[in-house]
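>>> missing the sequence, but the structure's below:
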């Protein structure tokens, strides 16, 4: 289904096209408001995400280990805001993500993830392990594209 641009509910890893690193909850934290970063894939639960459709083309993305949702702090709309994990709130627009297939990219199922609260896309800030995951204005750059792989 991913090849058709549809994401069935399930457990995934999210791999950045530019860096080939996954979204990770720093230090296996289970704390609300904790940093989300990129890190080389190691297979741990803090790098695994449960994606569930919420209707209207939006999804909730919840960390498998912490049970916390990928969240835009306070529903911020600025570029460069670092994402965090937060207690799941299915009615919060800061936790709903539109997942759109990127067209014309060879070699994979790449997607952009757009926050409902801001219209900004998920991106990495650098190539180093520990680099923050942020929201930014969409430009179709590789650092804003994510491969969604089932686990």
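Received it, and whenever you're ready, just let me know what you need. This one's a predicted model, so the numbers in the text were calculated from it and none came from an experiment.
>>> does the nearest residue to residue 34 once chain neighbours are set aside have beta-bridge partners, and which?
Sequence neighbours aside, residue 85 is the residue nearest to residue 34 in space, at 5.4 Å (criterion: C-beta to C-beta, 6 or more residues apart in numbering). For the C-beta atoms, the positions are set from N, CA and C on the backbone; glycine is no exception. Counting by DSSP bridges, residue 85 is bridged to residue 70.
>>> what are the ranges of the strands in the protein?
Counting by DSSP state E, the chain has strands at residues 10-16, 22-25, 36-39, 49-55, 58-63, 69-71, 81-82, 84-86, 96-101, 110-115, 121-124, 133-136, 146-150.
>>> re earlier: check contacts around the residue nearest to residue 34.
25, 29, 31-34, 36, 63, 66, 68-71 (C-beta atoms under 8 Å, 6 or more residues apart in numbering).
>>> Counting neighbours, what do you get for the residue nearest to residue 25 when sequence neighbours are not counted?
Distance criterion C-beta to C-beta, 6+ apart; nearest residue to residue 25, sequence neighbours excluded, is residue 46 at 4.3 Å. Other residues near residue 46 number 23, with proximity taken as other C-beta atoms under 10 Å.
>>> what pLDDT does residue 46 get?
Confidence at residue 46, expressed as pLDDT, is 98.
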